[in-house]
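Q: Quick one, structure for this:
(2 chains)
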Amino acid sequence: MTIVLIRTIVLYLVVIGAVRLMGKRQLGELQPSELVITILVSNIATLSLEDTDIPLLQGILPVLALVCFEVVTSWVELKCVRVRRLTSGTPRVLIRNGEIDQQMLRTLRFTLDDLMAALRAGGVFSISEVQFAVAETNGAVSVLQKAPYRPAEKADVCPAPPECDPPQMIIADGALREEALRDIGLDRAWAEGVLQNAGLRIGEVFLMTADADRQYHIVRKEAAA
Amino acid sequence: MKRMLVSMGILLALTVISFLSLHILREECRRYEACAAAAAEAYASGDTEAALTAFDELDAQWEHFVHITSLFIPSDKLDPLYEHLAGLRPMLAQNDPQAAAVLERLRRLIRDIYEEEKPEIWHIL
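A: Numbering: from 1, shown residues only, chains lettered A, B, ... in the order given. Okay, the predicted model is just below:
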């Protein structure tokens, strides 16, 4: 049992490291190759966990190799469009100006039910409202509605307001985050000055947020019960 | 770019490890087969005492052989070896004529452990 536990810890660390190496992608946004790698890695790791007769090295080696190949391939894809097209395919237009491209549906083996479900998921219930619908390389369908059916945006009704970055969390649970302060062009002295005016020290603050316009919000730390 | 370089580094390390493992496996199998060959030679010369001494050396090396080889190959591949080894001592002590065949089979199995790990096309396929 101890052996299983130790093997599990080692494999856990390897798989976590491997997933970190693959980078930040959400499950729903995986490219076909990434999905295949994810499934393979989970299967290989499971085999090595279940069967202690299999050397740990035989579990770790393919996991690392697959993930490294994936990272190298994605780098090559970044540099070479042809490779990217080969491994990930290209986006395909399914609906153009309200007209369904039936040939494309057949090519992609997309049923009408699949298409309608994808449109409904995008908040569109009538094909006539669709300007463009594109099947992305990760299988998602992106929909652009015709102008009269698009939801009104702020820019449609009033002049564009000035752009403003979201507030940053500069103190979290009594700890000052100098990097966040730098991101909004402020420094520790400014934060300490604001807190001094409020009669507080950094350690007494539960949460403090601020933005580049020096607008801030402070939540005092509550006394422990 | 950093990820790519780390990946290339890991792939390089994995390649080195895989060839190193092959080398270690070959050396270990050669060493252990030499022990088996010594026992077979002593038995063939009709010297039972020498054959038993050589077998004891073979038996003593077993744990070390298993520890090293099971780092790289599934341990169930070593089971047939152990089965042959377990029944060999009484056969040698009693001058059983089948002992020579068992020793030969043992040597063959040891050789196969490395041979089956060699990256040859039929093994890959």
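Q: For the rest of this, base every contact and every neighbour count on C-alpha atoms.
A: Noted.
Q: Helices of chain A, start to end?
A: With DSSP state H as the criterion, chain A has helices at A:2-22, A:32-50, A:56-79, A:81-88, A:102-108, A:112-121, A:154-157, A:178-183, A:188-197.
Q: Which among those is found nearest to chain B?
A: helix A:56-79 (4.6 Å; C-alpha to the nearest C-alpha).
Q: what does chain A put close to chain B?
A: Residues of chain A lying close to chain B by C-alpha under 8 Å from any C-alpha of the partner chain are A:21, A:53-58, A:61, A:64-65, A:67-69, A:71-72, A:75.
Q: Any idea how far the helix or strand of chain B with the lowest mean pLDDT is from the middle of the chain?
A: Lowest mean confidence among the helices and strands of chain B (mean pLDDT, DSSP states H and E): helix B:121-124, at a mean of 77. Counting by C-alpha atoms, centre = their mean, to the nearest Å, helix B:121-124 is centred 20 Å from the centre of its parent chain.
Q: hmm, that helix touching chain A?
A: No: judged by C-alpha under 8 Å from any C-alpha, helix B:121-124 makes no contact with chain A; its nearest approach is 14.5 Å.
Q: I'd like the C-alpha coordinates of that helix written as CSV, please.
A: Extracted in CSV, the C-alpha atoms of helix B:121-124 (Å, rounded to 0.1, in the frame of the first residue of the first chain):
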residue,chain,number,x,y,z
ILE,B,121,11.1,-2.9,-36.0
TRP,B,122,9.3,-6.1,-35.1
HIS,B,123,9.4,-5.2,-31.4
ILE,B,124,8.0,-1.8,-32.1
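Q: contacts for that helix?
A: Helix B:121-124 has contacts (C-alpha atoms under 8 Å, 6 or more residues apart in numbering or on different chains) with B:116, B:117.
Q: can you pick the most crowded of the residues of chain A next to chain B?
A: The residue in the residues of chain A next to chain B with the most neighbours, by other C-alpha atoms under 10 Å in any protein chain shown, is residue A:67 (26 neighbours).
Q: what sits against it?
A: Shown in contact with residue A:67 (C-alpha under 8 Å, 6+ apart): A:18, A:19, A:21, A:22, A:37, B:7.
Q: Most widely separated two among the residues you listed?
A: Using C-alpha to C-alpha, the contacts of residue A:67 span at most 14.7 Å, a distance reached by A:37 and B:7.
Q: higher neighbour count, the two?
A: A direct count of neighbours by other C-alpha under 10 Å for residue A:37 and residue B:7 places residue B:7 higher, at 23 against 18.
Q: Does the more buried one touch residue A:74 like I think?
A: No: look at residue B:7 against residue A:74 with C-alpha atoms under 8 Å: they stay out of range, at 11.3 Å.
Q: what angle separates the helix or strand containing residue B:8 from helix A:2-22?
A: Secondary structure assigned from DSSP states H and E places residue B:8 in helix B:2-44. Put simply, helix B:2-44 runs at 140 degrees to helix A:2-22, going by axes from the mean of the first three to the mean of the last three C-alpha atoms, to 10 degrees.
Q: near chain A, anything from helix B:2-44?
A: Yes: contact of helix B:2-44 with chain A is found when judged by C-alpha under 8 Å from any C-alpha, involving B:3, B:4, B:7, B:8, B:10, B:11, B:14.
Q: from those residues, which is closest to chain A?
A: When the residues of helix B:2-44 next to chain A are compared for distance to chain A (C-alpha to the nearest C-alpha), residue B:7 wins out at 4.6 Å.
Q: Next one: the closest one from residue A:21, what distance?
A: 8 Å (C-alpha to C-alpha, to the nearest Å).
Q: Next: residue A:140.
A: In this view, residue A:140 and residue A:21 are 25 Å apart by C-alpha to C-alpha.
Q: Same check on residue A:131?
A: Distance, residue A:131 to residue A:21, by C-alpha to C-alpha: 39 Å.
Q: so what's residue A:177 up against?
A: For residue A:177, the contact set (C-alpha under 8 Å, 6+ apart) comprises A:169, A:170, A:171.
Q: so how far is the least confident helix or strand in chain A by mean pLDDT from its chain's centroid?
A: Across the helices and strands of chain A, mean pLDDT, DSSP H and E gives its lowest value to helix A:154-157, namely a mean of 77. The chain centre lies 28 Å from the centre of helix A:154-157; the measure is C-alpha atoms, centre = their mean.
Q: Ok, stretch A:140-159 next?
A: With C-alpha atoms, centre = their mean as the basis, stretch A:140-159 stands 24 Å off its chain's centre.
Q: in it, what counts as buried?
A: Neighbour-count burial for stretch A:140-159, counted by 16 or more other C-alpha atoms under 10 Å in any protein chain shown, picks out A:141, A:142, A:143, A:144, A:145.
Q: between those, which is nearest residue B:21?
A: Comparing those against residue B:21 with C-alpha to C-alpha places residue A:141 closest, at 47.6 Å.
Q: Specify the beta-bridge partners of that closest one.
A: On the basis of DSSP bridges, residue A:141 takes part in beta bridges with residue A:135.
Q: any weak-confidence spans in chain A?
A: Scanning chain A for pLDDT under 70 picks out A:24-29, A:160-162, A:224-225.
Q: Could you do chain B as well?
A: Applying pLDDT under 70 to chain B flags no residue at all.
Q: quick one on the thing from earlier: among the contacts of residue A:177, which are in strands?
A: A:169, A:170, A:171 (DSSP state E).
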